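**Student:** Below: sequence and its predicted model.
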Amino acid sequence: MKRAIEQETLLALVETGAAREFRVLREGEAWRLELRVGVKWLPVRSRREQVGHWRSLTAV
C-alpha cells in the first residue's frame, strides 16, 4: 500500500521549512502533487481521496 501526505501535514511541513522538493505530475486530464520525503516521492492526498487530483495546473 502506497503512503501519502495529507494536505494539513503538507501545510505544516511547508511552514516549518521541512518540505523543499515537490513535483507535479499529469495523469490524463488531472494533475497531482508529490512531495519528496527522504528518497521517496509521496503523493499529497485529500480527506476524500487517497491521491489528490486537480483539474488544472494552476489549481495545484
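**Tutor:** Okay, I see it. Residues are numbered from 1 along each chain as shown.
**Student:** contacts, neighbours, all on C-alpha from now
**Tutor:** Fine.
**Student:** Provide the backbone phi and psi angles at the residue nearest to the spatial centre of the chain.
**Tutor:** For the chain, the residue whose C-alpha lies nearest the mean C-alpha position (Cα atoms, centre = their mean) is residue 44; its distance is 2.6 Å. Listed backbone geometry of residue 44 is phi -90, psi 130, with angles given as degrees, to the nearest 10.
**Student:** so who does the closest residue to residue 30 other than its chain neighbours touch?
**Tutor:** Nearest residue to residue 30, sequence neighbours excluded (Cα to Cα, 6 or more residues apart in numbering): residue 55, at 4.8 Å. Residues near residue 55 by Cα atoms under 8 Å, 6 or more residues apart in numbering: 29-31.
**Student:** In this structure, spot the strand with the most residues.
**Tutor:** Ranked by residue count and defined by DSSP state E, the top strand of the chain is strand 30-37.
**Student:** buried sites along that strand?
**Tutor:** Buried positions in strand 30-37, judged by neighbour count with 16 or more other Cα atoms under 10 Å: 31-35.
**Student:** Contacts for the helix or strand hosting residue 24 next, please.
**Tutor:** Taking DSSP states H and E as the definition, one finds residue 24 inside strand 22-27. Identification of contacts with strand 22-27 by Cα under 8 Å, 6+ apart yields 31-36.
**Student:** pLDDT averaged over that strand - what is it?
**Tutor:** Averaging the model's pLDDT scores along strand 22-27 yields 92.
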